Each structure stands twice: as structure tokens, then as C-alpha cells.
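K.L.:
The sequence isn't on hand, but the structure is:
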């Protein structure tokens, strides 16, 4: 068996393992409560403030 074939088999095994882990994940995510519109607006405001200060820091 060549080196490339070994590397390919290892990578394909690792990728398929990660993919199955990812495909199991959304069920756990969907069980979490959804954020309300008010919470989203608050989070968006906090994010814009954080972004403003980080941009000011980077530009200074």
C-alpha cells in the first residue's frame, strides 16, 4: 500500500467521523430554547457597541 493510499484512508476515516459527529449535533441545538426578538435586539446592540470599541482600538 502506497503512502498516498494510507494518508487518504486515514483522512477519509477522520472526515467521516467528524461528519457523523456534526450530523448528531443539530438535534441538541434544536432542543435549546429560541431567543425572543427582544433578546436578539439586545444582543445586536451589545455586538454593535463591542464592534465599535474594537474598531476604535484597532484604528488607534
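P.N.:
Done, it's in. This structure is a prediction, so every number in the text was calculated from the model and none was measured. Numbers count the residues shown, from 1 in each chain.
K.L.:
could you say what helices and strands the helix or strand where residue 39 lies packs with?
P.N.:
Secondary structure here is read from DSSP states H and E; on that basis residue 39 sits in helix 37-59. When contacts are defined as 3 or more CB pairs under 8 Å, 6 or more residues apart in numbering; DSSP states H and E, helix 37-59 sits against none of the other helices and strands. The C-beta positions use only the backbone N, C-alpha and C, and glycine is treated the same way.
K.L.:
Name the residues that touch it?
P.N.:
By CB atoms under 8 Å, 6 or more residues apart in numbering, the list of residues contacting helix 37-59 from outside reads residue 35.
K.L.:
Quick one: neighbours of the closest residue to residue 35 other than its chain neighbours, just the number.
P.N.:
Using CB to CB, 6 or more residues apart in numbering and skipping the chain neighbours, the partner closest in space to residue 35 is residue 43 (7.3 Å). Neighbour count of residue 43, defined by other CB atoms under 10 Å: 11.
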